[in-house]
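# Quick one: sequence and predicted model below, then my questions.
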Amino acid sequence: MTTPSEENKHSLAALQAEVDSWIREVGQGYYGVLTNTALLMEEVGELARLLARHYGEQSFKEGEDASPEALSEEFADVLFVLLCLANQTGVDVEKAFWQKLAKKTVRDRLRHTQRVQEKP
């Protein structure tokens with residue numbers, strides 16, 4: 001497994017490449033796309049459960065991990081499986097992200113400005 005250079009270790013492209021390297025060297029290959037889709041939904045559910053307990057009305061059950069680290073771990077789990085799926089389907093997540101952000105900026109600039117002005 002390669003270590004990304006200091007200047008790009010936090011880029012989405014570097015993370016995507018790191019996941020691919022890990023899967024090939026340690027994980028011994030990808031699960032199928034549909035299996036990873038189900039795993040992504042599972043991880044999103046685990047993240048949602050923790051968010052509901054940290055920020056919503058639900059309380060933690062006895063013995064449940066309420067630490068901030070548990071929340072961080074669930075975010076990382078979602079990102080890991082999402083990057084697996086991107087690798088499997090040939091999506092450049094970094095490129096897609098910047099394209100989406102540009103599109104949303106053009107499309108939503110006035111809409112969000114109007115929403116702020118409409119608040120009482």
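The structure has been received and is ready for your questions.
# Which residue lies nearest the spatial centre of this structure?
The C-alpha lying nearest the average C-alpha coordinate of the chain belongs to residue 79 (CA atoms, centre = their mean; 3.1 Å).
# With adjacent residues omitted, what lies nearest to it?
Once its chain neighbours are removed from consideration, residue 79 has its nearest residue in residue 15; the separation is 7.4 Å (CB to CB, 6 or more residues apart in numbering). No exception for glycine: its C-beta is placed from N, CA and C like everyone else's.
# now do residue 50
On the basis of CB to CB, 6+ apart, the spatially nearest residue to residue 50 that is not a chain neighbour turns out to be residue 71, at 5.1 Å.
# and the helix or strand containing the residue nearest to the centre of the chain, how far out from the chain's middle?
Secondary-structure element containing residue 79, defined by DSSP states H and E: helix 68-89. The gap between the average C-alpha position of helix 68-89 and the chain average comes to 5 Å, counting by CA atoms, centre = their mean, to the nearest Å.
# What are the contacting residues of it?
In this structure, residues lying in contact with helix 68-89 by CB atoms under 8 Å, 6 or more residues apart in numbering are 15-16, 19-20, 23, 30-31, 33, 36-37, 39-40, 43-44, 46-47, 50-51, 54, 91-93, 96.
# Strands of this protein, start to end?
Taking DSSP state E as the criterion, the chain carries no strands.
# got the residue ranges for the helices in it?
For the chain, applying DSSP state H gives helices covering 12-25, 33-55, 68-89, 93-118.
# From the contact counts, what lies against the shortest one?
To tie it back to what came earlier, the one meant is helix 12-25. Of the remaining helices and strands, those touching helix 12-25 by 3 or more CB pairs under 8 Å, 6 or more residues apart in numbering; DSSP states H and E are helix 68-89, helix 93-118.
# buried ones in stretch 70-82?
For stretch 70-82, burial by neighbour count (16 or more other CB atoms under 10 Å) applies to 70-71, 73-74, 77-78, 80-82.
# where in this structure is pLDDT low?
1-9, 115-120 (pLDDT under 70).
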